[in-house]
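Q: this one's sequence-less:
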């Protein structure tokens with residue numbers, strides 16, 4: 001049976017004011033203008049990048065390093081994996097302190113905020129962030145160039161980020177990099193890819209609810225829409241773009257839309273990358289298993305004592321869904337889980 005989302009059943013909390021206040025608190029009028037200028041124009045982004053290269057770029061060898069790329073569908077554990085690996089101090093990554101000068105990470109030092117207290121991120125999922133927190137910002141780079149330009153410039157860009165933190169290994173979380181695995185490997189052949197996978201119904205419900213909240217916010221507060229668009233984040237809300245062309249379900253207010261997208265996405269990932277030794281598939285539901293984490297640390301070749309606590313979310317879902325579709329998804333999920 002196909003059932004659309006009943007907003008009243010999703011949550012007892014009205015996020016409207018709280019979520020709008022998030023942007024108003026962190027981005028005053030002048031900061032919003034600065035974001036519009038530095039991120040809203042491809043010419044300005046490229047110009048900042050060229051100035052950054054002239055001032056800061058130093059040619060060093062980075063191709064033999066095992067850089068880390070976390071990719072996959074959002075709401076699958078990509079952010080907690082990013083935070084976990086970054087906490088090892090073995091990697092450098094783009095951070096909130098680099099915003100909005102993502103194309104010029106070293107120049108961004110001149111414009112960084114001084115006072116910014118740790119707070120829960122906009123998703124209201126318990127994940128905290130501050131200026132030193134890494135985030136998925138390098139899509140700003142990729143969206144500024146065509147494929148041939150990316151092949152010519154990506155090594156330079158990674159090098160600039162490495163210089164910013166004086167480290168040798170790059171750590172990226174980008175939900176769109178699944179499309180670029182082969183391109184990245186052609187440039188950085190020792191790179192490692194971490195692709196989390198989450199139980200399909202739980203995952204689809206999480207995608208559905210986040211899309212609803214972002215959509216409502218962006219209708220009321222246009223800077224939130226522009227902000228996500230600047231970052232190349234077209235996952236949720238008004239800017240949402242499907243990962244694959246829908247076959248049966250086109251309504252993103254329907255949980256089956258997200259379940260079908262889950263199937264199309266992970267079926268493609270399994271068929272194309274399950275045999276890649278550079279790709280590690282991590283099951284979200286197993287992230288609180290110490291053995292799984294040790295295996296992940298071995299894969300990325302780091303050894304550190306961590307006290308990072310993985311909190312695995314599980315919701316009671318009362319929405320009706322296409323059981324046949326769910327059975328297809330479960331079979332794909334079990335291929336990764338086993």
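A: Arrived safely, thanks for sending. Only a predicted model underlies this, so the values are computations on that prediction, with no experimental measurement involved. Numbers count the residues shown, from 1 in each chain.
Q: now do the same for residue 115: helix, strand or coil?
A: Under DSSP: H, G, I helix; E, B strand; the rest coil, residue 115 falls in the coil class.
Q: local confidence estimate at it?
A: Residue 115 carries a pLDDT score of 71 in this model.
Q: next: residue 127.
A: For residue 127, the pLDDT comes out at 77.
Q: and if you look at residue 243?
A: Predicted confidence (pLDDT) for residue 243: 97.
Q: measure it to residue 266 for me?
A: 10 Å (C-beta to C-beta, to the nearest Å). Where you see a C-beta, it was placed from the backbone N, CA and C, and this is true even at glycine.
Q: tell me which of these two has more neighbours.
A: Set residue 243 next to residue 266 and count neighbours by other C-beta atoms under 10 Å: residue 266 wins out with 24 against 17.
Q: what's the neighbour count on the closest residue to the more buried one other than its chain neighbours?
A: Among residues not flanking residue 266 along the chain, residue 332 sits closest, at 5.2 Å (C-beta to C-beta, 6 or more residues apart in numbering). By the measure other C-beta under 10 Å, the count of residues near residue 332 is 18.
Q: quick one, what contacts residue 332?
A: Residue 332 sits next to 200, 263, 266, 267, 270 when contact means C-beta atoms under 8 Å, 6 or more residues apart in numbering.
Q: low-confidence ranges, the stretch 1-150 of the chain, go.
A: For the stretch 1-150 of the chain, the stretches flagged by pLDDT under 70 are 1-25, 114, 122, 124.
Q: the strands in the stretch 201-338 of the chain, which residues?
A: Along the stretch 201-338 of the chain, counting by DSSP state E, counting those that start in this stretch, strands occupy 279-283.
Q: how close does residue 170 sit to residue 85?
A: 11 Å.
Q: got it, and residue 316?
A: Look at residue 316 and residue 85: by C-beta to C-beta, they are 31 Å apart.
Q: contact partners for residue 286?
A: Counting by C-beta under 8 Å, 6+ apart, residue 286 touches 292, 337.
Q: so what does the longest helix seen in the chain touch, helix or strand wise?
A: With secondary structure taken from DSSP state H, the chain has its longest helix at helix 200-220. Packing partners of helix 200-220 (3 or more C-beta pairs under 8 Å, 6 or more residues apart in numbering; DSSP states H and E): helix 7-10, helix 16-26, helix 222-230, helix 255-273, helix 323-337.
Q: now do the shared contacts for residue 243 and residue 266.
A: residue 73.
Q: intersection of neighbour lists for residue 170 and residue 85?
A: 68, 91.
Q: picking that back up, so residue 316 and residue 85 - more neighbours on which side?
A: Comparing residue 316 with residue 85 by other C-beta under 10 Å, the one with more neighbours is residue 85, at 25 against 5.
Q: OK, contacts around that one?
A: 68, 70, 91, 171, 300, 302.
Q: residue 49 sits in which helix or strand?
A: helix 42-56 (DSSP states H and E).
Q: helices or strands next to that helix in the packing?
A: Packing contacts for helix 42-56, counted by 3+ C-beta pairs under 8 Å, 6+ apart, involve helix 29-40, helix 147-165.
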